[in-house]
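Participant: quick one, fold the following:
(chains A and B)
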Amino acid sequence: MLSHILRRIAQSILVMAAVSLISFSLFNFVGDPVNNMVGQEATREDRVRIRQELGLDDPIFTQYTRFLGNAIQGDFGLSYRIKRPVSLLIKERLPATLELVFVSAVIALVVGIGAGVYTGIKRNGWLSKSILSTSLVGVSLPTFIIGIGLIYLFAVTLRWLPSSGRAGVVEIGWWKTSFLTVDGWRSIILPAITLSLFQLTMILRLVRAEMLEVMQADYIKFARARGLSERSINFVHALKNTLVPVITIIGLNIGGLIAFSVITETVFQWPGTGLMFIQAVDFADVPIMAAYLCFVALVFVLVNLVVDLLYVVIDPRIRMGGR
Amino acid sequence: MKLRKFIPFFAVALAATTSQALAENTLRWTSQGDALTLDPHSQNEGPTLATNGMMYESLVTRDSALTLQPELAVSWEPMDGNIWRFNLRQGVKFQGGEDFTAEDVAFSIERAKHEKSDFKEQIKSIVEVKIVDDHTIDFITDAINPILPNQLTSFYIMDKGWSEANNIVTPQDFAGEEETFAVRNTNGTGPFKLVSRAPDELTVLEKNPDWWGAGQFPGNIDRIEYRPIGNAATRVAALLSNEVDFILDPPLQDLKRIDAADGLKTQTTPQIRTIFFGMDQGIEELRTSNVKGANPFADVRVREAMNLAIDRKAIQRVVMEGLSFPAGMITSPGVLGSTPEQDAEIPLDVAKAQALMADAGYADGFSVQLDCPNNRYINDEKICQAAVSMLAKIGIDIKLDAIPKAQHFPKIQKRTSDFYMLGWGVPTLDSHYVFSYLLDAEGSWNAVGYNNELVNSITKGIASETDLEKRTAMIDEAWSQVRKDMPYIPIHHQVIAWGMADNVDTPMSADDALRPRFITMK
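Facilitator: Just a heads-up that it's a prediction; the model follows:
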């Protein structure tokens, strides 16, 4: 048991190291940051001097070990573009992303499971069929088109909601939250829906498929035979058993939500880490890109680790096999 | 259904909170990118200069017609011995309450000349600063410098005492560990002062009631809220939904839509930025061509043929939807040296171009790669695509490589491109800027290897010629030589388009900078 956990943790560290090395070597291809940092009037000597100061002429491996050495101490350097410490920038931007991910996860779960159960039970109802066909939109349309579509409908045409930005934030210590004001909620709705649609559709379809299967199971037939109410059969006995695979998928997809938020944040000018990453790519702002990619890798690795460890708890077969 | 009854109520509640009454004149505006820093000497970049220029001021400024105007200096004159004397405005106070004196100017020069400053190139001709009295200062230059006032228009003045107290006597260091105080705090003499700043989110400025120019300018803006929006479609949506009053950079294809919307309008004006292609004529053999042992671009007939084969009117009509001015030179109207004759469009003549190619020995054409940015200029990649098909008609087989600007510009700087697109703006509005970077043999952006004795010597000559008439004639002579040699293929001058609410009234200027002191709102 313990050796299993230790093995998984060691593997996670290896994955982190590999991901950060690969992403770091990719930075050779994003362009020359110096060109963006100085004006067009700068002389060649100046450009050379700045390259040397930043160590951009060192071999990529030297740059990587230097980066890693600092990163382990929590120092990701200074952003080339805004000239502020990267760790501070990520700390400032993270609440926005996490709140967005949280709200969209809630939307995806509540609507996804609700609609999934409904379509699983009333298989042939007209509402089920229309829910299923509209849900195709969620999987087939790219996020930025859905986002722009929602903006034009709710902000430009109906004028119910703001088109972009994060208004009405309240500071609680260093954490800026949107949850305490009406304006904050108004501005989080559209990006959260946009970000949730893909996950929502997936959960909906997963729950529906599981429900269909479970409804055929013997214990449901027995429950019916015993004369239990429909409600109790559907929501207590059937739903509970569909949720095991759903929880696994959701766990794995929280990392996906954070990664997908790059596009949603760009469309809605949502001031989170994803937007910061895109701006960094435009500018070839290597410190931010490196830190962000490490951060995303860390999230994925952590979530996977937790899910793996949960398996050990849930599934006795792994526990036994470990002996 | 209960829910259905609830929806209209919800909608009304939402709509009610959107329309907050704005008691004062608040200009809410947006553009693509935020200022990088509020340190006035750290970054020489358009949006950064524009934002800082609302809070800080320079000695000399430009109005919306781009003519020089007094700002912190009331007058200036050249004197014997390479000296420019500036008489400073009296009774000006910084927003922190400090008096503005010649000490502050001397300090700012020193700060901007620092190794880490992005402005040291503009003011490098100043070798010594002499304070004559509290409101008179002399700049001693290395040689006679007739355009020094032009070079000072985006050089902002900081307060000496404030900078020393906050430990910001040098600009932010790229390789530094900490952000300095000046990155997010300002203390200028300008018409607006900083209320709050969240980089890339929201920057709020408020009228400075103690500004020296209060009442002398038509503008009536009390408060400025700037919210950058990176995505172009979202930016336009913000204007269409009345969340902002002004958008600096609407995409050209959306102008009709903005015009058609109730309560919105657009304005356009030519920009000081010319788009052109460069051909490396200075090397022995092109890197990406099938011609070996010779460089086809070294032959002026090939360069002329390429110039004749580009249909600039078609690019204007089809690619730019009419929003560009076909160019005959690589600098824009408004820059000293641009004349209608020099800028006359090079006519389309494919037959003549083919004959010239045959003359030069390339009747069957040749192949070459065209390097093009895809996120820098308006429709940059589409212009390149159009040029590829136009040049195919004279047998030049082009492989197009359109890449982001962060990768494109290093190719030009390291001089590894045979054939590239570049756009050039002229902050000094003087041809010397163009010659010294793009046409002088030593020019740091002369990646075409152009080297002409006459042009080189005129570039040096106009740097110190103070007789305006003689100097203008020299500039014209150099441009005539360039028009003959055709080291570049001029395409067009860009057009600026702004979108705004009907109640906003602002003059436009060719440098694409918002000048809030001239903006009125009804």
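
Participant: okay, CA-based contacts and neighbour counts for the rest of this
Facilitator: OK.

Participant: per the annotation, how does chain B divide into domains?
Facilitator: Chain B breaks down by automatic domain parsing into domains covering B:2-244, B:270-496.

Participant: hang on, isn't residue A:309 packed against residue A:3?
Facilitator: No: Residue A:309 is not in contact with residue A:3 according to CA atoms under 8 Å; the separation is 11.8 Å.

Participant: tell me which of those two has more neighbours.
Facilitator: Of the pair residue A:309 and residue A:3, residue A:309 is the one with more neighbours under other CA atoms under 10 Å in any protein chain shown, namely 16 against 10.

Participant: and the helix or strand hosting the more buried one, how far out from the chain middle?
Facilitator: Assigned by DSSP states H and E, residue A:309 belongs to helix A:286-314. Relative to its parent chain, helix A:286-314 has a centroid offset of 11 Å by CA atoms, centre = their mean, to the nearest Å.

Participant: and if you look at stretch A:119-138?
Facilitator: When distances are taken as CA atoms, centre = their mean, stretch A:119-138 is centred 26 Å away from the chain's centroid.

Participant: for stretch B:354-367, same thing?
Facilitator: Stretch B:354-367 sits 37 Å away from the centroid of its parent chain (CA atoms, centre = their mean).

Participant: which residue does chain A bring closest to chain B?
Facilitator: Residue of chain A nearest chain B, by CA to the nearest CA: residue A:31 (4.1 Å).

Participant: excluding its backbone neighbours, what's nearest that residue?
Facilitator: Residue nearest to residue A:31 in three dimensions, not counting chain neighbours: residue B:407, with 4.1 Å by CA to CA, 6 or more residues apart in numbering or on different chains.

Participant: list the contacts of the one you found.
Facilitator: Residue B:407 is in contact with A:29, A:30, A:31, A:32, counting by CA atoms under 8 Å, 6 or more residues apart in numbering or on different chains.

Participant: turn the residues you listed into JSON lines, columns for distance to residue B:116 and secondary structure.
Facilitator: Below are the contacts of residue B:407 laid out as JSON lines (distance: CA to CA, whole Å; DSSP: H, G, I helix; E, B strand; the rest coil):
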{"residue": "A:29", "distance to residue B:116": "26", "secondary structure": "helix"}
{"residue": "A:30", "distance to residue B:116": "24", "secondary structure": "coil"}
{"residue": "A:31", "distance to residue B:116": "22", "secondary structure": "coil"}
{"residue": "A:32", "distance to residue B:116": "18", "secondary structure": "coil"}
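
Participant: tell me, how many residues neighbour residue 80?
Facilitator: I'll assume chain A. If you count neighbours by other CA under 10 Å, residue A:80 ends up with 26.

Participant: was after chain B, sorry
Facilitator: Neighbourhood size, residue B:80 [other CA under 10 Å]: 7.

Participant: do you know how far it is from chain A?
Facilitator: Going from residue B:80 to chain A by CA to the nearest CA, to the nearest Å gives 29 Å.

Participant: what's the answer for residue B:126, then?
Facilitator: Note on residue B:126: its distance to chain A, by CA to the nearest CA, is 16 Å.

Participant: bridged to that residue, which residues?
Facilitator: Beta-bridge pairing of residue B:126 under DSSP bridges involves residue B:141.

Participant: I figured it hits residue B:141, correct?
Facilitator: Yes: when contacts are counted by CA under 8 Å, residue B:126 is listed as touching residue B:141 (4.3 Å).

Participant: show me the contacts for the residue of chain A closest to chain B.
Facilitator: Residue A:31 touches A:284, B:406, B:407, B:408, B:410, counting by CA under 8 Å, 6+ apart.

Participant: mind giving me the ChimeraX select for those, buried ones only?
Facilitator: To isolate the buried ones among the contacts of residue A:31 in ChimeraX, judged by 16 or more other CA atoms under 10 Å in any protein chain shown, type:
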select /A:284 /B:406,407,408,410
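
Participant: next, count neighbours for residue B:165.
Facilitator: Look at residue B:165: counted by other CA under 10 Å, it has 9 neighbours.

Participant: an error on my part: the question was meant for residue A:2.
Facilitator: Residue A:2: 8 neighbours (other CA under 10 Å).

Participant: was I right to think residue B:108 contacts residue B:161?
Facilitator: No: in this structure, residue B:108 is not within contact of residue B:161 by CA under 8 Å, at 11.3 Å.

Participant: who has more neighbours, those two?
Facilitator: More crowded of residue B:108 and residue B:161, by other CA under 10 Å: residue B:108, with 23 against 15.

Participant: pLDDT of the strand or helix carrying the more buried one, averaged?
Facilitator: Secondary structure assignment for residue B:108, by DSSP H and E: helix B:102-112. Mean pLDDT, helix B:102-112: 95.

Participant: among the contacts of residue B:407, which pair sits farthest apart?
Facilitator: Greatest spatial distance among the contacts of residue B:407 (CA to CA): A:29 and A:32, at 8.6 Å.

Participant: when those two are compared, which one has more neighbours?
Facilitator: residue A:32 (23 against 10).

Participant: just checking, that one touches residue B:412?
Facilitator: No: contact criterion CA under 8 Å: residue A:32 and residue B:412 do not qualify, at 11.7 Å.

Participant: common neighbours of those two, please.
Facilitator: With CA under 8 Å, 6+ apart as the test, residue A:32 and residue B:412 reach no residue in common.

Participant: around chain A, pick out the residues from the stretch 401-522 of chain B.
Facilitator: Proximity of the stretch 401-522 of chain B to chain A is confined to B:404, B:406, B:407, B:408, B:409, B:410, B:437, B:444 under the rule CA under 8 Å from any CA of the partner chain.

Participant: rewinding a little: buried residues, the helix holding residue A:309. List them.
Facilitator: A:286-305, A:307-309, A:312.

Participant: ok, now stretch A:118-131?
Facilitator: The neighbour-count check on stretch A:118-131 (16+ other CA under 10 Å) flags A:118, A:119, A:120, A:121, A:128, A:131 as buried.

Participant: in contact with the spatially closest residue to the second one that is not a sequence neighbour, which residues?
Facilitator: In space, residue A:119 comes closest to residue A:128 once its chain neighbours are excluded; the distance is 4.8 Å by CA to CA, 6+ apart. Contacts here follow CA under 8 Å, 6+ apart; on that basis residue A:128 touches A:118, A:119, A:122.

Participant: quick revisit: dump the buried residues of stretch A:118-131 to TSV, plus distance to residue B:241, pLDDT and secondary structure.
Facilitator: TSV is the format used below for the buried residues of stretch A:118-131 (distance: CA to CA, whole Å; pLDDT from 0 to 100; DSSP: H, G, I helix; E, B strand; the rest coil):
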residue	distance to residue B:241	pLDDT	secondary structure
A:118	37	89	helix
A:119	37	90	helix
A:120	40	86	helix
A:121	42	84	helix
A:128	35	89	helix
A:131	30	90	helix
